[in-house]
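Visitor: Below is the structure, and that's it, no one-letter string:
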């Protein structure tokens, strides 16, 4: 059973930066990708960014491209999300996940996962 542990969220002001971390454990397969999704207040969970396990190709939602950077440490099944120039609309609970494959890198096309971590709260104040 895969377990996901996100951390690093906190309150920051507009224009600030944060780096989120996520560690996956109990992984008994070779991942296709790892990535991040978020749930803003009153909205459904949405895709943010993903990184391909083999080769490191990255994919971002349009509103964070150029401001967020996803990286990974494959040996530890760890993924990071460096967030710069944060905006109030970036506020929400951020979740990571790990994909066996079949959904590509744009998780927005298939955002359903069997397992979720507790998430980490990011609050950006204006």
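Guide: Yes, it's here. Since we're looking at a predicted model, the values are computed, not measured.

Visitor: tell me the centre residue of the chain?
Guide: Central residue check for the chain by CA atoms, centre = their mean: the C-alpha nearest the mean position is that of residue 36, 1.6 Å away.

Visitor: which stretch of helix or strand covers the residue lying closest to it once chain neighbours are set aside?
Guide: Leaving out its chain neighbours, the residue that sits closest to residue 36 by CB to CB, 6 or more residues apart in numbering is residue 48, at 4.3 Å. C-beta here means a position set from N, CA and C on the backbone, and glycine is covered the same way. Counting by DSSP states H and E, the element that carries residue 48 is strand 45-52.

Visitor: How far does that strand sit from its chain's centre?
Guide: Averaged C-alpha coordinates place strand 45-52 at 6 Å from its chain's average position (CA atoms, centre = their mean, to the nearest Å).

Visitor: May I see the buried residues of it?
Guide: Residues 45, 47-52 are the ones in strand 45-52 that count as buried (16 or more other CB atoms under 10 Å).

Visitor: Which stretches in the protein count as strands?
Guide: Ranges of strands in the chain, per DSSP state E, are 3-7, 11-13, 18-25, 33-39, 45-52, 58-60, 68-73, 78-83, 92-99, 120-125.

Visitor: Serialize these to JSON lines and add fields for mean pLDDT and distance to residue 105.
Guide: Output for the strands of the chain, formatted as JSON lines (pLDDT from 0 to 100; distance: least, CB to CB, whole Å):
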{"stretch": "strand 3-7", "mean pLDDT": "97", "distance to residue 105": "18"}
{"stretch": "strand 11-13", "mean pLDDT": "98", "distance to residue 105": "27"}
{"stretch": "strand 18-25", "mean pLDDT": "97", "distance to residue 105": "17"}
{"stretch": "strand 33-39", "mean pLDDT": "97", "distance to residue 105": "6"}
{"stretch": "strand 45-52", "mean pLDDT": "96", "distance to residue 105": "5"}
{"stretch": "strand 58-60", "mean pLDDT": "97", "distance to residue 105": "4"}
{"stretch": "strand 68-73", "mean pLDDT": "95", "distance to residue 105": "10"}
{"stretch": "strand 78-83", "mean pLDDT": "97", "distance to residue 105": "13"}
{"stretch": "strand 92-99", "mean pLDDT": "97", "distance to residue 105": "9"}
{"stretch": "strand 120-125", "mean pLDDT": "98", "distance to residue 105": "22"}
